[in-house]
Structure formats: structure tokens, C-alpha cells
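> coordinates only, sequence not included:
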């Protein structure tokens, strides 16, 4: 059961994109610090007084317009914190916010979409709670002498020297700015705050979920999400069980981002590794690897041989049967990248050049199913990435040419270089690509197709 306070911390809300803030809370705190002395009887105006006042008022308006997003965001983070494996409550709460923000990719969404996504997930997470979010009320008009601020259960934190206003009457020249700013610094939080505290109490009292139940639902949702993506059907959005897995650091919550349209070539390749090989950290089912191949531009394997785990083979076969077959057999590349500082890190998926990018260590692991006969007719070649501090011979020895030949006897082998070789003739018959812009560029440079009168046999650019 979750324990400890749920902090209504503006910096936390900004960090995890629950609210969009300009100015930032840090700037607003500095403005409030400068404005506070205006309540002294001998206070004098200063040059940026109006700018500070407007900063505070704008921030109050941001909190007011984002009241629902804040409400749902805090409730969901508190719920997801219960799935974190860490012990300290503050860290669990951060894990909850991080799972929520990264899982829904909130930094990429606008304010309206953020609110809709948080409301959607809250409805799924708390189906038995009838959540109603009261409006975050604007401050009451300031009287001649500004009243003390309301003190809700969880107000945005203030610097310690701003927590109590002096008793003296402000000077006439500064009274309006001081009183208006004091009133605007935080919108009136009740009944909004009361509703938030009541909902959080109900969330704390919810019975713990069985991990096997929500991970099974997450697995089913992943199959539906992948099938929709590979079949060009409407997107299946990340769901609350995916977020729970993400907060728990479960493989089904970390294997891929929930919005597949944003997944990169590297991310899909990593998903292939985690689904295909044994002995990898945070492994996922075999059908993930097959889906990853299709997402990378290859066709999905239809016949699996030498499956080491029969139950995984059965699940993969069922998954394959739901994916529409393709009529052509696309050809592409396998790139054995370096483990660090790979130039392929930010490559995007090429629509004309299917490419799988893995480390040599991963590629030669024991696989759950043999795809050697699948890859053989689908490869233009294998590229070995050469590290910045090694030459191509050292890279070839590191990877092992015999291992490549054993798996793909007829595949061409080339190199991915970070700089032109000092002696190009030393490369012999090996093709190479120097800092290509992507997979297709790497293919053209390393394995240029023969010049013919037709385009037969070479991929379209």
C-alpha cells in the first residue's frame, strides 16, 4: 500500500510534462521572492516589478487551465508508484511519474492531448471510482490589504521566506502590485484539493493487483498493438497495464515505446534481440522478434524451425497467422554495430532498405528459433561497424568472419567506417561505407549495384 504524502510539486509536474509552463516554477519563485518586500511599509517599486507580477499571474493561469491534467497526473503517478520495486516513497513516486510521462510520451503531446490521455488512462485505472474534477478556482479579488493565502493540504511549495506575510500595511505606491500578486500566486485550491485528497485516499485503499493478471493483459494488448501496426490499422494506444509494467520495470513495459509509430530503427532492433535470443536482459516472447523484423521492413517469417521452447513456438505461430502475408520478398542488410558510439544510433527505418542492427555479441547468441534459411535469400550483405580506435582487420577478427560465413555462406561482407581508410587498397575486395546517412546510403556505398540498362535487381531509392 502506498504511504507518505503525495506532493503537489510544480517542478515535478513540469519535469514530467504534466503541465507546460512558461515561465517555469523556478522563475516564478524568484519573481515571488522579489515581489514579497513590496508589502513592507517603506517598500519602493523596482524596474522589473511589472514583469514579476505578470510571471506570477501567468503561472496561476497555467495551473488553473491544467487543473484536470494535474489531478489525473498526480492520481496516476500515485497508483503507478505502487508497482515500483524501489523502497523509498519519494523514489517510487518519481518512478510513477516517469512511467506515466515516458509511457504516454507526454513531452510530444500538446496540452489538450495530454489532458485527454491522462483522463483516458485514469478511467481505465480506476473504473470503480467516479472521479469528478472540480474547477481550480481563480483567486478572489484582492482587498486593500491582501489577506493571508489559503493553505490547502498540498499547495505548490514556496521558498521558506515567503510563507508568512508581514503584518504591516504596504505603502500606497506598491499596494496594488503586492496585493494582486499575493492573491494570484496560487489559485484557490478547495474544493479541488479536497477532491484530490479524497481520490488519493481511495487509491491508497485499493486492493493490490496480481502481477500475473496485469502482465497477461499487457501481453494481449501488445499482440493487438503490433498486429494493428503491421496491418496498417488504427493505432492501439498505450494502456494502463503497459504503464504498470513500465513502472515495475517489467520487460513488457520496457521493450518498446507504446506509440509504435515513433519507434526508431535501433528500438525495433533491440526488440528483436530481446525476443529472439536466450540469455539477454529483460527477454520478451519470440513473437516480438518476428514483429520487429516486419517493422524493420522484412517480411514476417512464416515457417519457424529448431524452436527451442515449444510454448513460444506455438504462441509465435498463432501471432503470425493474424498478420496478412506479403507478396514480395524484400532484401536488406544486417549491420553488426559497435557496442558504444555507434554511428547507427539515430538512423531511421528506411522504406526501401530493410535493416537489422545488432551487436556481434547478440547476433551470435543462442537463438530461440533458427532463421538462417529465412535470411539467406533476403540479404544484400552484412556490414561490420569498425570502432573509432580499430582498423577493419581488428574489427573482422573481433566479429569473426568464419561465424558470418557459417550462417550466410553467400552473403557479401563489408564495413561501416567513421573515416576514410588511410590506404583504401588495403580493404581488398571488401566494400565499405564512410559515415552514411542511413541504411540505404550504406548499401549504395558498400555494395553498389552493377550499372545496367534496367533497374532490375536493385532496390528503388
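Cool, the structure landed. Just so we're clear, the structure is a prediction, and the values are computed from it rather than from any experiment.

> now stretch 255-267: mean pLDDT?
What stretch 255-267 shows for mean pLDDT is 95.

> that stretch: which residues count as buried?
Buried residues in stretch 255-267, counted by 16 or more other Cβ atoms under 10 Å: 255-260, 263, 265-267. Heads up, the C-betas are built off the backbone N, CA and C, glycines and all.

> and those, which two are the farthest apart?
By the measure Cβ to Cβ, 258 and 265 form the most distant pair in those, at 17.9 Å.

> in CSV: the buried residues of stretch 255-267, plus distance to residue 314 and secondary structure.
What follows is those, written out as CSV (distance: Cβ to Cβ, whole Å; DSSP: H, G, I helix; E, B strand; the rest coil):
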residue, distance to residue 314, secondary structure
255, 20, coil
256, 23, coil
257, 28, coil
258, 26, coil
259, 29, coil
260, 24, helix
263, 26, coil
265, 30, helix
266, 30, helix
267, 27, helix
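
> closest one of these to residue 78?
Checking those against residue 78 with Cβ to Cβ, the nearest one is residue 258 at 20.3 Å.

> who touches the closest one in this structure?
Neighbouring residues of residue 258 by Cβ atoms under 8 Å, 6 or more residues apart in numbering: 103-105, 225, 237-239, 242.

> redo that, cut-off 10 Å
When contacts are counted by Cβ atoms under 10 Å, 6 or more residues apart in numbering, residue 258 touches 102-105, 221-222, 225, 235-239, 242-243, 246.

> nearest residue to it other than its sequence neighbours?
Nearest residue to residue 258 in three dimensions, chain neighbours excluded: residue 238, at 2.6 Å (Cβ to Cβ, 6 or more residues apart in numbering).

> ok, now which ones touch the one you found?
With contact set as Cβ under 10 Å, 6+ apart, residue 238 has these partners: 102-105, 117, 120-121, 218, 221, 225, 246, 253, 256-260.

> do residue 429 as well
412-414.

> which of those tops the neighbour count?
Taking other Cβ atoms under 10 Å as the neighbour criterion, residue 414 ranks highest of the contacts of residue 429 with 24 neighbours.

> wait, a strand at that residue?
Yes: under DSSP: H, G, I helix; E, B strand; the rest coil, residue 414 falls within a strand.

> just to revisit the earlier point, show the buried residues in the contacts of residue 258.
Buried among the contacts of residue 258 by 16+ other Cβ under 10 Å: 102-104, 221-222, 225, 236, 238-239, 242-243, 246.

> mean confidence for stretch 411-427?
Mean predicted lDDT for stretch 411-427 stands at 91.

> show me what counts as buried in that stretch.
For stretch 411-427, the neighbour count (16+ other Cβ under 10 Å) marks 411-417, 427 as buried.

> tell me, what residue is most central in this protein?
Centroid-nearest residue in the chain, with Cα atoms, centre = their mean: residue 102, separated by 3.7 Å.

> let me know the pLDDT of the nearest residue to residue 260 once chain neighbours are set aside.
Leaving aside its sequence neighbours, residue 260 sits nearest to residue 229 (Cβ to Cβ, 6+ apart; 4.5 Å). Predicted confidence (pLDDT) at residue 229: the value is 96.

> hang on, residue 229 packs against residue 263?
Yes: contact status for residue 229 versus residue 263: in contact at 8.9 Å, counting by Cβ atoms under 10 Å.

> lowest-confidence helix or strand of this protein?
Ranked by mean pLDDT, DSSP states H and E, the helix or strand of the chain with the weakest confidence is helix 172-184, at a mean of 47.

> next structured bit after it?
Next in sequence after helix 172-184, counting helices and strands by DSSP states H and E, comes helix 192-204.

> downstream of that following helix, the next helix or strand is which one?
Criterion used, DSSP H and E; the element after helix 192-204 is helix 211-230.

> which strands or helices does that following helix pack on?
On a contact count with 3 or more Cβ pairs under 10 Å, 6 or more residues apart in numbering; DSSP states H and E, helix 211-230 meets helix 240-247, helix 251-254, helix 286-295, helix 310-321.

> with that, I have no additional questions.
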